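**Q** Structure for this input, please:
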Amino acid sequence: MDKQQLAILEIAADWADRFDELNEAERRRLVTWLQDAPEHAQAFNRMRRLISDTALTEALEMADMNAAEPEPVQQSLRRPAAPRHSASRQPSIMARPLRRRQAMAAGLAGALAVPLAGYWLLHEDRSETSERTLHFASAVGERRHLTLPDGSGLLLDASSAVSVHFSDRRRRLVLEHGAARFDVRHDAERPFEVHTPMADMTALGTSFSVDHLSDASELRVFSGRVQLDAHDGGQLVLPARKWAQVNNASIRTGAFDPDMHQDWQNDWLDADSMRLGFAVERLARYSATPLKLDDPKLADLRFSGRFRLGEPMASLELIGALFGLQTKRRNGAVYLVRTDRG
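**A** As a prediction, the model looks like this:
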């Protein structure tokens, strides 16, 4: 392994070791570094898998305990200075010795006695058994920006969850609930697939969003193309500026303007002949109090308009007024009810 390869591994090790601590600015710098060269993304992807090895973790913890003083940091590999607001972080995290990063990188070449970890990084394992799983979730009213191990961007809507299954042959994600936007880094050898109970979506080099609703899945393509395979057998390739909604009975399609219609990504519920049931589900992601329909038959009512997601109660009242409905609190939830029912 030459010095340039080792330097890349050391930088990848540093990013991987601090990944869960990165602030927004540092995550943007990571994305830039990943896009600079394919070797960067490959090293980072494998280092993330390496760091999950328990034997290596124990060895590195012992190395930290035995390190009396940090070794000098070369300027080219120095971490970005911490922003002012992060000054309260634990000093042991911010001053993690360089030898930890070097050990992670050099351990792949035998400096640490962790043969399996070294094998992960030094050899191309093309089998499905190398798959690693990550889980990401967001809280009520919270959206999360994340960088996936391959450098792709992930934006989670509020109250959403996704599991990420990456191997050297494929990139498979399961949208467990809620919605997400994916800005996919191209990799011809590893398809990028998103799965919901209603359909499978395969990116053909693109940026797109998927919404997992109770009885439907919605796909919006912002750039590139996405292949949609409905579980009932329907299939289509959706180009940019198109959307598709899949349920058990059909696939509805239409067009939208990505510059104007970002929907939840810009804090809005953009309804264009939207089902009332879907609107309540989406608003509920931003409400600490459960939002429900008093009568399931109300779910099929359709409406159009723009409503603020950050004010779910006010938006629910405005939407209900379109149909002569009112909000009522009972049993710890807020219901939309017909006025004649009280």
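**Q** thinking Gln265 is in contact with Gly153, fair?
**A** No. Taking contact to mean CB atoms under 8 Å, the distance of 11.8 Å between Gln265 and Gly153 leaves them out of contact. Heads up, the C-betas are built off the backbone N, CA and C, glycines and all.
**Q** Which neighbours do those two have in common?
**A** Contact with both Gln265 and Gly153 is made by residues Arg181, according to CB atoms under 8 Å, 6 or more residues apart in numbering.
**Q** where along the stretch 151-300 of the chain do the strands fall?
**A** Taking DSSP state E, counting those that start in this stretch as the criterion, the stretch 151-300 of the chain carries its strands at 153-156, 161-166, 171-183, 192-195, 199-203, 207-212, 217-223, 225-230, 235-239, 242-246, 251-255, 268-275, 291-293.
**Q** Need the CA coordinates for the helix or strand harbouring Asp14. CSV is fine.
**A** Assigned by DSSP states H and E, Asp14 belongs to helix 3-18. Provided in CSV are the C-alpha atoms of helix 3-18 (Å, rounded to 0.1, in the frame of the first residue of the first chain):
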residue,chain,number,x,y,z
LYS,A,3,1.6,6.6,0.9
GLN,A,4,-1.2,8.1,-1.2
GLN,A,5,-3.5,5.1,-0.5
LEU,A,6,-2.7,5.2,3.1
ALA,A,7,-3.4,8.9,3.3
ILE,A,8,-6.9,8.4,1.7
LEU,A,9,-7.6,5.6,4.2
GLU,A,10,-6.5,7.8,7.1
ILE,A,11,-8.9,10.6,6.0
ALA,A,12,-11.7,8.1,5.4
ALA,A,13,-11.1,6.6,8.8
ASP,A,14,-11.3,10.1,10.4
TRP,A,15,-14.6,10.9,8.7
ALA,A,16,-16.0,7.4,9.5
ASP,A,17,-14.9,7.6,13.1
ARG,A,18,-16.6,11.0,13.6
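**Q** and after that helix, which helix or strand comes next?
**A** helix 24-36.
**Q** by contact count, what packs against that next one?
**A** Judged by 3 or more CB pairs under 8 Å, 6 or more residues apart in numbering; DSSP states H and E, helix 24-36 is in contact with helix 3-18, helix 38-51, strand 144-147.
**Q** Among the ones you listed, show me which one is buried the most.
**A** Stretch with highest mean neighbour count among the helices and strands packed on helix 24-36: helix 38-51 (a mean of 21; mean count of other CB atoms under 10 Å).
**Q** Low-confidence stretches in this structure?
**A** Within the chain, the stretches with pLDDT under 70 are 1-2, 48-131, 341-342.
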